[in-house]
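Enquirer: Task: produce atomic coordinates for the following.
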Amino acid sequence: MKRKFLALCAATAALMVGATAAQSATTLETVKARGKLICGVSLSTPGFAAADDKGRMQGFDADICRSIAAAVFGDPDKVDFVLTNINTRFQALQSGEIDVLSRQTTATFSREASLGIDFGPTVFYDGQGLLVPKSLGVASAKELTDAAICTLPGTTTSQNLTDFFRTVGGKFELVVFESPDENRAAFYSGRCEAISSDRSDLASIRAVANNPDDYVLLPETISKEPLAPAVRQNDSNWRDIVSWSVYMLMAAEEKGIIQANVDEMAKSEDPEIQRMLGGADELGKMLGLDNKWGYNIVKGVGNYAEVFDRNLGEKTKLGMTRGPNTQWNAGGLLYAPPVR
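Expert: Below you'll find the model as predicted:
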């Protein structure tokens, strides 16, 4: 009996050691062993993450995911997309269901300090706004007196609206819907006089309306909403990979490297371009990646401007200008640290 007990203890200990070892595996090791990245995106937000008529995920957030896959595997298509809603997005990341969250998510103090997550660099500088029907005859959010405003749960939208209307001395009624589809439908049907969200999201809502010209985005930006990808805490290597995948998109734009000329630019004598594209210093090894990880990002996805323009830019349905999401040397806020 004693021998059986000792054998059982030994087996249990072995299982515990195995479980601990599995839990201690880094995200990069897990992703490489799986052979693909799993990336959390929004349910359906045209311009950021939405399936096209062939079922392929398209959008700005989806391309951030692809840039990470390109860095890790040299192939931007080695990624599976998991649809997350506002209420489940952080749980999906915390539980390990996804490797990274790329879902129009605002980086805030409380989220980073209390949810066991770390944010990467800001990929889109945004702010909360309000969208109204032109027929309402309103030119400013300050004119929305006792208005019903549609929004989603689990966001900072309500607090931002409360702060704004308290400042201007107005009142409003918040009407909350569980899903983006319900939220949009209620607004289109006239259930609410206005809908409030990040301005980028409102541009998407306007773009998919039957008659986009019937709606106007009011001029006020009532909050700061720096949108960033998120990863689990305590895995600095994975955070570095996600962060520098984003920085590579920005740095490539700054250096004039695009998808079409990256092979030619790889021959450049510019020392930083050489480091970026894998021609010098073997920086990839520091991340546990191939030395051409930066080249693979630009070759597979393009640079930041290309990602922005094809998904959100002035020639798309959203028709967005770069605004603060331009390079630092052109008056914007995008600033990639030096690659050295």
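
Enquirer: now the helices: where do they sit in the stretch 51-200 of the chain?
Expert: In the stretch 51-200 of the chain, the helices defined using DSSP state H, counting those that start in this stretch lie at 60-73, 89-94, 109-114, 157-168, 180-188, 199-207.

Enquirer: Now do the contacts for the spatially most central residue of the chain.
Expert: Compute the mean C-alpha point of the chain, and by Cα atoms, centre = their mean the closest residue is residue 102, 3.2 Å away. Each residue near residue 102 by Cβ atoms under 8 Å, 6 or more residues apart in numbering is listed here: 39-41, 49, 61-62, 64-65, 123, 229. C-betas here are computed from N, CA, C, even on glycine.

Enquirer: still on that earlier bit, deepest in the core, which of the helices of the stretch 51-200 of the chain is it.
Expert: Greatest average neighbour count among those goes to helix 60-73 (a mean of 27), per mean count of other Cβ atoms under 10 Å.

Enquirer: so how far is that one from its chain's centroid?
Expert: The chain centre lies 11 Å from the centre of helix 60-73; the measure is Cα atoms, centre = their mean, to the nearest Å.

Enquirer: Output the contacting helices and strands for that helix.
Expert: Here helix 60-73 touches helix 27-34, strand 37-42, strand 79-84, helix 236-254, helix 293-301, helix 304-311, going by 3 or more Cβ pairs under 8 Å, 6 or more residues apart in numbering; DSSP states H and E.

Enquirer: can I get the ones you listed in JSON lines with distance to residue 175, mean neighbour count and mean pLDDT?
Expert: Formatted as JSON lines, these follow (distance: least, Cβ to Cβ, whole Å; neighbours: other Cβ atoms under 10 Å; pLDDT from 0 to 100):
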{"stretch": "helix 27-34", "distance to residue 175": "39", "mean neighbour count": "15", "mean pLDDT": "98"}
{"stretch": "strand 37-42", "distance to residue 175": "21", "mean neighbour count": "24", "mean pLDDT": "97"}
{"stretch": "strand 79-84", "distance to residue 175": "23", "mean neighbour count": "20", "mean pLDDT": "97"}
{"stretch": "helix 236-254", "distance to residue 175": "35", "mean neighbour count": "23", "mean pLDDT": "98"}
{"stretch": "helix 293-301", "distance to residue 175": "38", "mean neighbour count": "26", "mean pLDDT": "98"}
{"stretch": "helix 304-311", "distance to residue 175": "29", "mean neighbour count": "21", "mean pLDDT": "98"}
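
Enquirer: possible to save those as CSV with distance to residue 119?
Expert: Listed next are the helices and strands packed on helix 60-73 as CSV, based on distance: least, Cβ to Cβ, whole Å:
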stretch, distance to residue 119
helix 27-34, 15
strand 37-42, 14
strand 79-84, 16
helix 236-254, 9
helix 293-301, 20
helix 304-311, 18
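
Enquirer: To residue 264, which of the helices of the stretch 51-200 of the chain lies closest?
Expert: Closest approach to residue 264 among the helices of the stretch 51-200 of the chain is made by helix 60-73 (18.9 Å; Cβ to Cβ).
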